[in-house]
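Engineer: Sharing a sequence plus its predicted fold:
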Amino acid sequence: MIPASFDYIAPQSLEEAVRALADHGEEAKLLAGGHSLLPLMKLRLANPKLLIDLSRIPGLRGIRHEDDKIIVGALTTHYQIESSELVKEKCPLLSQTAGAIGDVQVRNRGTIGGSLTHADPSADWPAAILALGGELKLSGPKGERRSAPEDFFLAPMTTAIEPTEILTEIRVPVLSQRCGSAYLKMAQQASGFALVAIAVWLRLGRSRLVEEIGIGVTGLGEKPFRAQAVEQFVRGNKLTPKLVEASASQVAEGIEPLEDLHAAAKFRAHLARVYTSRAIQEAAKKIKN
Ligand SMILES: Cc1cc2nc3c(=O)[nH]c(=O)nc-3n(C[C@H](O)[C@H](O)[C@H](O)COP(=O)(O)OP(=O)(O)OC[C@H]3O[C@@H](n4cnc5c(N)ncnc54)[C@H](O)[C@@H]3O)c2cc1C
């Protein structure tokens, strides 16, 4: 399958890319890893007149530690995040999530920024970034702005990014010594996308009191979400198997689960409950004493 013909440019700076995007509007598309965009173009579901390749823009790729934050460039590949020692030490939920994406080829080319802006309702990154309370940095003709993930994902394949904006960075908090995290996914076997996946981090205090917890869910509903009802149920209480079970039963409350040929809505809701319970327990086990 061959895409419709298009022009191609590879800007050398962010300013140049923003200008090109502003000049061409909806006729242009940004190219990152190409693992979601190119299949759409080959199927002619996307027919951009111009591809703006982000790969030559300095500073969009890489991972750094600043104060209490880990900052990931939007063009950083899933594999770079999965294999980063800095990430494993400071925010292991990111490496756990990256390692669950697709296969080696997908992880080698696909980028965190491409995945977040593509906003597939079964993609892995949104769950982790929601759980962590991350922040997305966007650049456009009017300058820079930051977006919370809760405000970013609007609907399947739809985000709050303007057509003239570029996602440049994702910022997440460093998880302290008393924190543990886990990413659990029931994958659709052919693609690796989530039927349901749960990202959890938590911080335990004395007597296993849950001081803080973040839970992100993907695959269950038409957009990824933060499981605030579960978090509220657990926060401030002693983590016991009974509490975990009772809290996990809230995860699908108020959500209309997706239904497709891969999984019925009821099955997805059931998976979400079971995986939430397991992910909380696994995250707690990871805490170093
Ligand atoms: C076989 C296969 C299996 C997969 N399995 C999984 C899986 O298990 N889990 C999962 O989560 N994903 C999976 N994916 C998707 C994969 O993670 C993609 O890499 C990802 O969705 C898109 O990232 P990309 O860098 O390839 O983006 P591209 O395909 O280049 O771009 C995707 C979209 O985002 C826009 N975009 C890209 N970068 C930016 C930016 N910085 N700012 C603004 N807009 C931007 C593009 O214009 C385009 O609209 C799979 C893909 C394939 C082909």
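Structural biologist: Thanks, I have it.
Engineer: From here on, just use CA atoms for contacts and neighbour counts.
Structural biologist: Noted.
Engineer: Please, where are all the helices along the stretch 1-150 of the chain?
Structural biologist: Ranges of helices in the stretch 1-150 of the chain, per DSSP state H, counting those that start in this stretch, are 14-24, 37-42, 78-83, 85-90, 92-98, 104-109, 112-118, 125-131, 149-152.
Engineer: Distance check, Arg273 against Glu27.
Structural biologist: Distance of Arg273 to Glu27, computed by Cα to Cα, to the nearest Å: 42 Å.
Engineer: Who has more neighbours out of these two?
Structural biologist: With neighbours defined as other Cα atoms under 10 Å, Arg273 and Glu27 compare such that Arg273 has more, 22 against 14.
Engineer: who are the neighbours in contact with the one residue sitting closest to the centre of the chain?
Structural biologist: Relative to the mean C-alpha position of the chain, the nearest C-alpha, by Cα atoms, centre = their mean, is the one of Trp125, at 1.8 Å. By Cα atoms under 8 Å, 6 or more residues apart in numbering, the contact list for Trp125 reads Thr97, Ala98, Ile112, Ser115, Leu116.
Engineer: circling back: could you redo the helices of the stretch 1-150 of the chain as JSON lines and give each row mean pLDDT and distance to the ligand?
Structural biologist: Shown next, in JSON lines, are the helices of the stretch 1-150 of the chain (pLDDT from 0 to 100; distance: least, Cα to the nearest ligand atom, whole Å):
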{"stretch": "helix 14-24", "mean pLDDT": "96", "distance to the ligand": "10"}
{"stretch": "helix 37-42", "mean pLDDT": "96", "distance to the ligand": "4"}
{"stretch": "helix 78-83", "mean pLDDT": "98", "distance to the ligand": "7"}
{"stretch": "helix 85-90", "mean pLDDT": "97", "distance to the ligand": "18"}
{"stretch": "helix 92-98", "mean pLDDT": "98", "distance to the ligand": "8"}
{"stretch": "helix 104-109", "mean pLDDT": "96", "distance to the ligand": "6"}
{"stretch": "helix 112-118", "mean pLDDT": "98", "distance to the ligand": "3"}
{"stretch": "helix 125-131", "mean pLDDT": "98", "distance to the ligand": "6"}
{"stretch": "helix 149-152", "mean pLDDT": "97", "distance to the ligand": "12"}
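Engineer: what's the most buried one of those?
Structural biologist: Scoring these by mean neighbour count under mean count of other Cα atoms under 10 Å gives helix 125-131 as the most buried, with a mean of 28.
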